[in-house]
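> Give me the fold of what follows.
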Amino acid sequence: MMIFKVFFAIANGKISMTVFLTAALYKFVELSDFADLKAPILACCNHNQVKGTILLAQEGINGTIAGLPEYVYQVLAFLRQDPRLADLTHKESFSEKIPFYRMKVRLKREIVTMGIPDINPSQMAGKYVKPEEWNKLIDDPDTIVVDVRNDYEVSIGTFKGAINPKTTSFSELPEWVRKEKALRDKPKVAMFCTGGIRCEKSTAFLRSEGFNEVYHLEGGILKYLEIVPESESRWEGECFVFDERVSVSHGLKPGHYELCRACRHPISQEDMASELFERGVSCSYCYGTKTEDKKRGFAERQRQVELANLRNQIHIGASYDSQKPDNDTSS
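You can find the predicted model right below:
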């Protein structure tokens with residue numbers, strides 16, 4: 001049996017008991033031997049009982065991992081032993097429950113899927129804007145602000161005045177960019193996403209399309225919510241994250257959303273009050289879209305989850321494991 005140590009973290013001047021560290025990381029860098037990195041990285045994570053997902057591609061690495069802090073730091077140190085990843089940065093958050101139940105290292109064509117060849121964010125990305133300077137940029141009347149996340153993410157929170165491209169996957173963004181006339185109305189384009197990875201790739205794409213003044217939020221929404229005081233914030237709502245927390249608010253405090261286990265859409269308390277909501281089976285976003293066989297399967301899974309909870313056990317099938325194909329795992 002694994003024995004968990006108790007750790008303490010100081011956040012916003014308050015000391016809170018925490019157990020698990022979640023580290024979000026990514027870097028665009030040439031990894032021609034990325035397939036050879038899979039086995040040793042997976043072995044290191046398993047040895048340290050770290051869970052989560054790491055994506056590897058020729059263009060770099062992207063992932064979110066969680067576990068006991070000292071073991072997560074050992075995995076990060078292992079990754080940074082590779083000279084190409086020596087300056088790999090990560091973002092931290094703490095929780096009393098582990099947000100992942102499995103460890104996966106996957107080989108991909110892209111670490112975030114856009115589907116446009118010859119886009120090199122490490123050389124072509126737009127200008128980084130630190131969270132402390134972001135308000136000034138998006139308040140500038142010469143700036144158009146674009147949320148490059150998917151529609152279900154935008155639905156629970158975004159920056160005031162930002163354009164929502166209403167995409168269902170990141171690979172739809174290039175077509176939207178080429179058609180959206182509003183992008184040509186102002187000289188500056190500022191883009192943002194959860195952790196920064198989609199911003200880097202989208203700004204690189206804009207530059208390849210001839211846009212000159214392109215900016216993106218360094219560290220993404222998560223870094224902004226972490227360090228910008230709520231009293232000064234331009235953020236409205238909560239930020240969707242790709243793990244069991246579902247959403248976070250200012251100071252990266254746990255949000256108020258849950259996840260519909262049938263369609264993976266974030267749902268609020270109001271959504272759960274709907275007559276169309278049945279825990280584990282349907283919500284107002286997916287009601288009527290599933291076959292009877294699917295619904296019976298979902299209902300049985302939910303029954304097993306509730307039995308596991310009564311026994312104080314983890315039901316692996318309940319975890320947020322079937323992530324979106326273009327998942328920004330760093331966020």
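> I'd like the domain boundaries of this structure, if you could list them.
The record assigns the chain these domain ranges, following automatic domain parsing: 20-107, 121-239.
> Nearest to M114, out of those domains?
domain 121-239 (5.5 Å; Cβ to Cβ). For glycine as for every other residue, the C-beta is placed from the backbone atoms N, C-alpha and C.
> hang on, the earlier thing: tell me which of the domains of the chain lies nearest to C283.
Closest approach to C283 among the domains of the chain is made by domain 121-239 (11.6 Å; Cβ to Cβ).
> Just the mean pLDDT for the closest one, thanks.
Taken as a whole, domain 121-239 has a mean pLDDT of 96.
> And for stretch 278-289?
Averaging pLDDT along stretch 278-289 yields 94.
> Could you list the residues in contact with that stretch?
By Cβ atoms under 8 Å, 6 or more residues apart in numbering, the residues outside stretch 278-289 that reach it are 260-263, 265, 267, 271-272, 274, 276-277, 290, 295, 298-299, 301-302, 305.
> Would you mark the buried spots in it?
Buried residues in stretch 278-289, defined by neighbour count with 16 or more other Cβ atoms under 10 Å: E278, R279, G280, V281, S282, C283, S284, Y285, Y287.
> Columns distance to V105 and secondary structure on top of the residues you listed, output as CSV?
Written out in CSV, the entries for the buried residues of stretch 278-289 read as follows (distance: Cβ to Cβ, whole Å; DSSP: H, G, I helix; E, B strand; the rest coil):
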residue, distance to V105, secondary structure
E278, 35, strand
R279, 32, coil
G280, 29, coil
V281, 32, coil
S282, 33, strand
C283, 32, coil
S284, 36, coil
Y285, 31, coil
Y287, 36, coil
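> now the domains of the chain in TSV, with distance to H256 and mean neighbour count?
As requested, the domains of the chain are arranged in TSV below (distance: least, Cβ to Cβ, whole Å; neighbours: other Cβ atoms under 10 Å):
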stretch	distance to H256	mean neighbour count
domain 20-107	15	18
domain 121-239	7	19
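> And stretch 204-216, end to end?
The first residue of stretch 204-216 is 10 Å away from its last residue (Cα to Cα, to the nearest Å).
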